[in-house]
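Peer 1: model the following, please.
(chains A, B, C and D)
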There are 2 protein chains.
Amino acid sequence: MLTVFEILALPARREILSLLRQGPRSVGELVEELGISQPIVSKQLRVLREAGFVSVRAEAQRRWYELRPEPFTEVANWLEPYRWIWSEHLDRLGDQLDALAAAPPEEDR
Amino acid sequence: MLTVFEILALPARREILSLLRQGPRSVGELVEELGISQPIVSKQLRVLREAGFVSVRAEAQRRWYELRPEPFTEVANWLEPYRWIWSEHLDRLGDQLDALAAAPPEEDR
DNA sequence: CAGATATATACCGTCAAGGGAATGTAGCGT
DNA sequence: ACGCTACATTCCCTTGACGGTATATATCTG
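Peer 2: From the prediction side, this is the model:
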């Protein structure tokens, strides 16, 4: 299975995630809003699902895809040790980032 | 030029960044600490430099590589709109922890 | 200048991910 | 049962990134 950053490396996948911020979407809706072919959307949705970025809920023939939080916390946790590097440089991000020193660290050494 | 996430997709590059958190490093030091061949380290350092992740300072034959903040702020900015998704998640996690603290401990799933 | 050190670059073979087109599958309405 | 809708999967082909090896470049030392 791909790592979080490998998943995010593909623009099409980031666009799907961006759309899903607004709430659950069906495959057809994503196809229409993205202008990408349906098989490709389905393929990337599978990748996103297997990586834990989205979950699916079946309703008749429709599949509703929805964001899941875990991979995003993983990115945030990875980013955290680098925070001091830019915190002095640019403080436009809120201080709320400190709030999530809770989740387990990852294999990145 | 590669995007930020394409850069981070490669484990070797993340390891380089991780080492550079401790301060500037020469190529030789990175080679030794990573156990990767010198040409590969140099190659990835070039990629990191072109993407703005690191800067170089020459000193005789040595090149000192150092982290730069901008790409990290880029990741943080990308992450920001997704924050609410996992803040809810953390809330639920907190509730569960509270429940666990209040109730007698159980078997772990 | 010769040789050694430190790093960068060029070239090459491999391999896997991505896109496209076609096809498969499941549930719905009539 | 039939066709339609919504989506998933398969197959093929291409492309490009990665790692490895060899080589080039620059700087120091003697």
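Peer 1: shouldn't A:Leu19 be in contact with A:Ile36?
Peer 2: No: between A:Leu19 and A:Ile36 there is no contact, the gap being 11.1 Å when judged by Cβ atoms under 8 Å. Heads up, the C-betas are built off the backbone N, CA and C, glycines and all.
Peer 1: tell me, what's touching those two both at once?
Peer 2: Common contacts of A:Leu19 and A:Ile36, defined by Cβ atoms under 8 Å, 6 or more residues apart in numbering or on different chains, are absent altogether.
Peer 1: quick one, strands of chain A?
Peer 2: In chain A, the strands defined using DSSP state E lie at A:25-26, A:54-59, A:62-67.
Peer 1: any chance of these in CSV with distance to B:Arg83 and mean pLDDT as columns?
Peer 2: Formatted as CSV, the strands of chain A follow (distance: least, Cβ to Cβ, whole Å; pLDDT from 0 to 100):
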stretch, distance to B:Arg83, mean pLDDT
strand A:25-26, 20, 98
strand A:54-59, 17, 97
strand A:62-67, 12, 98
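Peer 1: per the annotation, how does chain A divide into domains?
Peer 2: Domain assignment for chain A, taken from automatic domain parsing, gives A:4-67, A:70-100.
Peer 1: got a list of what the residue nearest to A:Ala9 when sequence neighbours are not counted touches?
Peer 2: Nearest residue to A:Ala9 in three dimensions, chain neighbours excluded: B:Ala9, at 4.2 Å (Cβ to Cβ, 6 or more residues apart in numbering or on different chains). Neighbour list for B:Ala9: A:Thr3, A:Phe5, A:Glu6, A:Leu8, A:Ala9 [criterion: Cβ under 8 Å, 6+ apart].
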